Structures are given as C-alpha cells and as structure tokens.
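S.K.: make a model of this:
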Amino acid sequence: MCNRARFKGEPETLFGSTGKLFGERPRENTFNPQELRPKSRNYVIREQDGVRGWDVMSWDVLGGQAPWPMTNVRNLGLPQWRRLAAEPANRCLIPLSEFCEWTPNKHDLGDGKPPLKGEMWFAVEDQPTFAVAGFWQHLKEGSGFTMVTCDPNELVKPIHPKAMITILAPEDHDRWLQGSYDDVVKLQRSYDAKRMRVLGPVFPTRRSADGPFAR
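M.R.: Predicted coordinates for the structure are as follows:
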C-alpha cells in the first residue's frame, strides 16, 4: 500500500493554512519533500490552538517502534488508532500531487534484463494538489504521521486490490480536522475514480538510448 508519493509545491496557504510553520524547517540537503518515502520527512497541514499551519514530520507514525515503518493505517477501531482518530489535534492533511502503486505482475521489457514490476502513478483530475487524510503524534525524536487507507475504487483496485489512500474532497478538509470520531469514520471512503487518472506502467530504472521506459 502506498509507500511512495510526490508533492510538487510548497505548503504555505494550502488547504486554508495561514502560512505558519509549527517548529523549524529542516535546512540540510537531505530534506526532499517532493519525493515521499517511508521514514522520509514531509510536509503536513494540521491545527494547533485554533490556527491551521504546516509542519515537517517523518512518514512513520510509530517512529521505528514497529518491525516496519507505519506509513498507512486502516482499522480505526484498534485502540491505538482510535485514540488518534478521536482527537482532532492529532489529525492532519498530507498534501500530494500523485501516489504510486506497483503492478501486480512483472513485465519483460525485452532488453535482456530480468522482468520487473512497473510504477503506476495516480493523480486527481480537478486537484493538482490533493489532501490525504492522516494522523500524527509526537515521538521521542520529532513527530511522525501516517496516511489513512480505505477500500480501493475501480481505478486503483486492479493494481492494488486491498486498499487505497483516503483522498479528501476540498469541502471535507474542515470536517476531517475538526469533526467527531464518527465524522472521521464516514470520511474513510474511496475517492471517485472518474475524477482520477493513472499513468503507467513506467519503468524509470530501465533507461535505453531513446528512453522508452523512462517517465
């Protein structure tokens, strides 16, 4: 389930934020929020003391306390996730431009190299930057966030039949950040496939002289 995504832009004033930064912006060269991968640090939008601003957090809500990075959660009835879901202060919006799922089967590209899975990149037609429902919490070092998943729609299901990330419509941003636990559960639903598009499969690690497999 979605362990790679992209955000092309800056978070200031996104989704009703004021341009306020909670904490400090990383200044080292390793910070690259345009390419989201597990444990990487990325932008999130959240509310604090009645102000909506943005923050920088690691994409692992448990901060390495599980056998693998906890980048996605689904069962909001589990005590540890219900605690976050029930508290508006622990909810966030993750801004994305597109997200990736890999093809179920490997492809023979006819280049004499082993077959490999292709990348399928999903985006939202009417939202160049869209919001994904998420939770966050303080960790021993910094803060971590996770994306909430739901049943896949008919566009995502052939590629990833188990789940997709919960994309929020603009009119649901406030409800996600400020609503009740029941509101959160109701918003945990697949996005309209007719309002999405997909590119792929692409194979950026295979490059030939004319680049037919590169994106």
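S.K.: now the helices: where do they sit in this structure?
M.R.: For the chain, applying DSSP state H gives helices covering 79-86, 173-178, 181-187.
S.K.: tabulate the ones you listed (a markdown table), appending distance to Gly200, mean pLDDT and mean neighbour count.
M.R.: The C-beta positions use only the backbone N, C-alpha and C, and glycine is treated the same way. Output for the helices of the chain, formatted as a markdown table (distance: least, CB to CB, whole Å; pLDDT from 0 to 100; neighbours: other CB atoms under 10 Å):
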| stretch | distance to Gly200 | mean pLDDT | mean neighbour count |
| --- | --- | --- | --- |
| helix 79-86 | 31 | 95 | 15 |
| helix 173-178 | 28 | 98 | 18 |
| helix 181-187 | 27 | 97 | 15 |
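S.K.: looking at these, which is nearest to Gly16?
M.R.: Proximity to Gly16, assessed across those by CB to CB, is greatest for helix 173-178 (6.7 Å).
S.K.: so where do the strands sit in this protein?
M.R.: 5-6, 35-36, 41-48, 51-58, 72-73, 91-96, 98-107, 116-124, 130-138, 143-150, 164-165, 167-168, 196-202 (DSSP state E).
S.K.: figure out which of those is closest to Leu21.
M.R.: Among those, the nearest to Leu21 by CB to CB is strand 51-58 (6.1 Å).
S.K.: relative to strand 41-48, how tilted is that closest one?
M.R.: Here the directions of strand 51-58 and strand 41-48 differ by 150 degrees (axes from the mean of the first three to the mean of the last three CA atoms, to 10 degrees).
S.K.: quick check: mean pLDDT of strand 51-58?
M.R.: For strand 51-58, mean pLDDT is 95.
S.K.: which other helices and strands contact that strand?
M.R.: The helices and strands touching strand 51-58, judged by 3 or more CB pairs under 8 Å, 6 or more residues apart in numbering; DSSP states H and E, are strand 41-48, strand 143-150.
S.K.: that older thread, please convert the helices of the chain to CSV, extending it with distance to Asp126.
M.R.: Converted to CSV, the helices of the chain look like this (distance: least, CB to CB, whole Å):
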stretch, distance to Asp126
helix 79-86, 27
helix 173-178, 15
helix 181-187, 18
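S.K.: which one of the ones you listed lies closest to Ile167?
M.R.: Nearest to Ile167, of all the helices of the chain, is helix 181-187, at 10.1 Å by CB to CB.
S.K.: just give me how far that closest one sits from the chain centre.
M.R.: 18 Å (CA atoms, centre = their mean, to the nearest Å).
S.K.: could you say what helices and strands that helix packs with?
M.R.: Using 3+ CB pairs under 8 Å, 6+ apart: helix 181-187 touches helix 79-86, helix 173-178.
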